[in-house]
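**Student:** My questions concern the predicted model and sequence given below.
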Amino acid sequence: MATFFGEVVVAPSRAGLDEEEEAREETPEDREIRREIEKKREIDVLWTGQAGGCAEEPLVCSRFIVAIGRNAAAFLSSFILDSVCWEVVGVVKLWNEWCRTSSTTNVLPTDSFCLFYRLISDPTVFGSMQKKGLQVTILSTCPVADYKTQESTLTLVSPFLRALKTKEFQEEVCCPLLEQPNIVRDLPAAVLSYCQVWQIPAVLYQCYTDVIKLDTVTIEAFKPLLSSKVLKSLAKDASESTKILKKFLTTSETHNNIYI
Amino acid sequence: MFIPCDRGGDSAAPDFKGFTLLMPAVSVGNVGQLAIDLVISTLDMTKVGYFYTDCLVPMVGNNPYATAEENSTELSINAEVYSLPSKKLVVLQIRSPFIKNKYRPFCETLLSWVKSSKCARVVLLSSSHAYQRDDEQLLGTPLRYLLTPDLEKAVGGRMKELNWKEMEKVAAYPGISNTDKVLHIPGGGITKLLFTESPDGFILALGHQEYAK
């Protein structure tokens, strides 16, 4: 295809298959390398002793809250989690070509991590293994540039929340539902799809923001969720949350600082 | 794999025996997928299940075929199955591309489902790059079809009545005269793979799509 300036470039295909990829047969060496990389990309969930139950028995869970991305995770850390009422019960160790997590549970807000926390007073509130009697809440962020609307973007005040819910989810949502033709992709979509297919009540709150790094305004955009049935009883004291939020951002700012 | 929407005690799993399965190939211009959207919304088809797979990029959104406030908030995922029993039609809609190296497992799972659900035939809607056409193909309709041999008797005549053109095969090595003729569907995604791997009962409808203007 010729571009505006006349140079010829290969057009990306929505077919999703490179012609070369299709035509080329995999050599045994290629196959071996691919298998080794696939093995390396396997995800390990390491449960601590506190998780309880044995490996084969499903853990009971009533409410599973998933935060994907720095801002969503920081919201949970500031407004819900603490070291008194919550305990770390598991950690996900993964490796791939784009990111990796370790098995350490002592993490900074700028690290890549995946931890499972459980509410000490009600051990059914955390990461799930059993599908019955379960409700899932997913928090995620994405760039506001991905949001499609007929309204003028001048009147669009970002960050803002939009929700998607599965058929089984009957409760009120804390913000407007995501309008057509907008879609959600990747991990949040994978979790919600799973819940829709297996008839688990679940809601996804997507925060559209124009800031890509850790940011108070984006984190605080999730605040309406504190009035939801799931998070109402878990919300911390507001002043404490503000203190933790400030601490988070100071820590991350130090790391981002390239000046002495 | 196919997961029905309704899994309550009394409701039986949908039966597709003898049905025609209509599905798109994720291909250039999303032509097949757009056509399937039109079929589903025009015939007001009911969603009967999901084709749950890890081979496609995950994606969710609200009902794209909403006609009223009430049905606009139904969640849709990346691969769903719709049916119209009165016309013995079942439709699979695919809304996202394949994850790298996963197209083969997808084809295998799909063909296995087609076999186990006992569909009578499969119609695959696809598209290909328009710039690949030769001088002869530039004239007339951009639509082409292909049939598996078993369907030649059943629908071959109908294709002729409609004046549809069969997809031409091209030289395996262009420019060399004494070479084998092969099926070449650039930009067609899994079209060629599905068509060549399918046992029987495949009708392929292919449009030539102008990719970029």
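**Tutor:** Sure thing, it's come through. Residues are numbered from 1 along each chain as shown, chains lettered A, B, ... in the order given.

**Student:** Now do the SS call for the nearest residue to residue A:137 once chain neighbours are set aside.
**Tutor:** Of all residues not flanking residue A:137 in the chain, residue A:65 sits nearest, at 4.7 Å (Cβ to Cβ, 6 or more residues apart in numbering or on different chains). C-betas here are computed from N, CA, C, even on glycine. Classification of residue A:65 using DSSP: H, G, I helix; E, B strand; the rest coil returns strand.

**Student:** Quickly note the distance from residue A:65 to chain B.
**Tutor:** Separation of residue A:65 from chain B (Cβ to the nearest Cβ, to the nearest Å): 18 Å.

**Student:** wait, what's in contact with that residue?
**Tutor:** For residue A:65, the contacting residues are A:76, A:80, A:125, A:136, A:137, A:138, A:139, A:230, A:231, by Cβ atoms under 8 Å, 6 or more residues apart in numbering or on different chains.

**Student:** can you rerun that using 10 Å?
**Tutor:** Residue A:65 is in contact with A:72, A:76, A:80-81, A:117, A:125-127, A:135-139, A:225, A:230-231, A:234, counting by Cβ atoms under 10 Å, 6 or more residues apart in numbering or on different chains.

**Student:** With adjacent residues omitted, what lies nearest to residue A:139?
**Tutor:** residue A:72 (3.9 Å).

**Student:** Wasn't that neighbour part of a helix?
**Tutor:** Yes: assessed by three-state DSSP, residue A:72 belongs to a helix.

**Student:** and it, what pLDDT?
**Tutor:** Predicted confidence (pLDDT) for residue A:72: 83.

**Student:** so it touches residue A:161, yeah?
**Tutor:** No: in this structure, residue A:72 is not within contact of residue A:161 by Cβ atoms under 10 Å, at 11.0 Å.

**Student:** quick one on the thing from earlier: in strands, which of the contacts of residue A:65 fall?
**Tutor:** A:117, A:135, A:136, A:137, A:138, A:139 (DSSP state E).

**Student:** which of those count as buried?
**Tutor:** By neighbour count, with 16 or more other Cβ atoms under 10 Å in any protein chain shown, the ones in strands among the contacts of residue A:65 hold A:117, A:135, A:136, A:137, A:138, A:139 as buried.

**Student:** Grab the longest helix from chain B for me.
**Tutor:** helix B:103-117 (DSSP state H).

**Student:** Counting by contacts, list what that one packs against.
**Tutor:** strand B:2-4, strand B:20-24, strand B:46-51, strand B:79-84, strand B:89-94, strand B:121-129, helix B:191-197 (3 or more Cβ pairs under 10 Å, 6 or more residues apart in numbering or on different chains; DSSP states H and E).

**Student:** would you list these in TSV and tack on mean neighbour count and mean pLDDT?
**Tutor:** Below are these laid out as TSV (neighbours: other Cβ atoms under 10 Å in any protein chain shown; pLDDT from 0 to 100):
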stretch	mean neighbour count	mean pLDDT
strand B:2-4	16	89
strand B:20-24	23	92
strand B:46-51	19	93
strand B:79-84	22	95
strand B:89-94	22	94
strand B:121-129	25	86
helix B:191-197	19	78
